[in-house]
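**Q** Model the structure of this input:
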Amino acid sequence: MKSKIRRSGQRKWAVLLEALLVAGLLAGCGSTSQTAGSAEGGSAQTGEEGLTKLTVQSLWFAQGQFAGLYVAQEKGFYEEEGLDVEIIPGGTDVTSEDQVSNGIAQIGVDFYSSVLTYQDGGADFINVFQTFKNSPQYLVAKADSGIKTGADLKGKKVGSWFGGREYEFYALAAKYGIDYENEIDWVQQDYTLDQFNNGEIDVASAMSYNEYLLLLDQYKESELNVIDMNEEGVSMLEDCLFVQKEWAEENKDTLVKFLRATIRGWQYAADHPDEAGQIVYRIGESATEEHQIAMTRKVIETAVIPEGSSREQIGELDTARIQRTIDQGFSTGLISKKIDIEDSIDDSYWKEAIAGLK
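**A** Numbering: from 1, shown residues only. Below is the predicted model of the structure:
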């Protein structure tokens, strides 16, 4: 059942499944105030009002997962830095890496693990801002199943979205000496949680800020056992901001300004999560306002500023977690070689951005 991800076609399946709240909830996601821009991938362009134009390719439609970007745009933080920022919503037919490679966008949003696959293939991308410090991916079982840790997965039916999401699970199984290719019954998990509710699978994949919240609408916390990839020590990093290395070198000041405003966006969202959720809902018109607020709160609490982190560390590139993602990506077959961390990330832009806020 091992399903190795290499390029965008397979990734899109994972992106679609991750973002769907329940079947049909995102039917209205196509309505958004952002449209594709015409900025080129070379030197930053200047608009009529003297603002530097930047285009950001998001991973998915506007939702709480990306609240910091939309808040920075809505509250004028980018404009205060002299930037005219356009955010292009993602979707099943849009891949951030391709958009950045083609010069349609200068900045991309994607999982760091996905960016690694492109670096593995020779793309000159660098991660300049690690939005998520923790993995938001859970494995969830019913409490009466007796499944509590990765050691209990052997012989069980485990739901996965595949398309790149499975590699944390492979690392988890390997940690307990389980042959993840033959000793676990992997099941393609669909858009809904019906398979879990109906007992078709023993364990379901769930994002901390999305599907898990939906499960709590049906179950008490005491009725669920959560296997947290972070607590298990096998987490792999997801949402980050990446650029082409040459573009970053040619547009250092612009990139630093963008990162500084983005940090302010996330800080504002952390201080005003209800307003941030409302902003995202108004732009994306997906799911419900209540869910977008809850998602924004959970994203900040579990991934952007998790316990032990601080507002001053938003976007920080933690080399230990970066290296773990690279190492596990190699050991589980996500990437074909161990990428040198110095070729994969550059935290100098983030350091300059955060210093400007102190």
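**Q** who touches whichever helix in the chain runs longest?
**A** Counting by DSSP state H, the longest helix found in the chain is helix 252-271. For helix 252-271, contacts defined as C-beta atoms under 8 Å, 6 or more residues apart in numbering pick out 44, 52, 54, 67-73, 75, 77-78, 80-83, 85, 107, 128-129, 131, 241, 243, 248, 276, 296, 300, 304-305, 311, 314-315, 349-350, 352-354, 356-357. No exception for glycine: its C-beta is placed from N, CA and C like everyone else's.
**Q** Which residues in it does the neighbour count mark as buried?
**A** Residues 254-270 are the ones in helix 252-271 that count as buried (16 or more other C-beta atoms under 10 Å).
**Q** ditto for stretch 139-146
**A** 139-142.
**Q** Helices along the stretch 151-300 of the chain, start to end?
**A** 166-175, 194-197, 211-215, 245-250, 252-271, 273-284, 289-299 (DSSP state H, counting those that start in this stretch).
**Q** one step back: generate a PyMOL selection restricted to the buried subset of the contacts of helix 252-271.
**A** Here is the PyMOL command that picks out the buried ones among the contacts of helix 252-271, judged by 16+ other C-beta under 10 Å:
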select buried, resi 44+52+54+67+68+69+70+71+72+73+75+77+78+81+83+85+107+128+129+131+241+243+248+276+296+300+304+305+314+315+349+350+352+353+354
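**Q** What residues are bridge-paired with Asp185?
**A** Beta-bridge pairing for Asp185 (DSSP bridges): Lys157.
**Q** Report the contact partners of it.
**A** Asp185 neighbours (C-beta under 8 Å, 6+ apart): 155-158.
**Q** Which one of the residues you listed is nearest to Phe111?
**A** Val158 (20.2 Å; C-beta to C-beta).
**Q** Contacts only, for the residue lying closest to that closest one once chain neighbours are set aside.
**A** Closest residue to Val158 apart from its sequence neighbours, by C-beta to C-beta, 6 or more residues apart in numbering: Val203 at 4.5 Å. For Val203, the contact set (C-beta under 8 Å, 6+ apart) comprises 139-141, 145, 147, 153, 156-159, 196, 227.
**Q** Test my guess that Gly329 contacts Met236.
**A** Yes. Gly329 lies in contact with Met236 (C-beta atoms under 8 Å); the separation is 6.9 Å.
**Q** okay, and the common contacts of these two?
**A** The overlap between the contact sets of Gly329 and Met236 (C-beta under 8 Å, 6+ apart) consists of 113, 167.
**Q** hmm, back to that, turn the helices of the stretch 151-300 of the chain into TSV, including mean pLDDT and distance to Trp60.
**A** Listed next are the helices of the stretch 151-300 of the chain as TSV, based on pLDDT from 0 to 100; distance: least, C-beta to C-beta, whole Å:
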stretch	mean pLDDT	distance to Trp60
helix 166-175	96	19
helix 194-197	97	22
helix 211-215	94	14
helix 245-250	98	23
helix 252-271	98	17
helix 273-284	96	9
helix 289-299	96	12
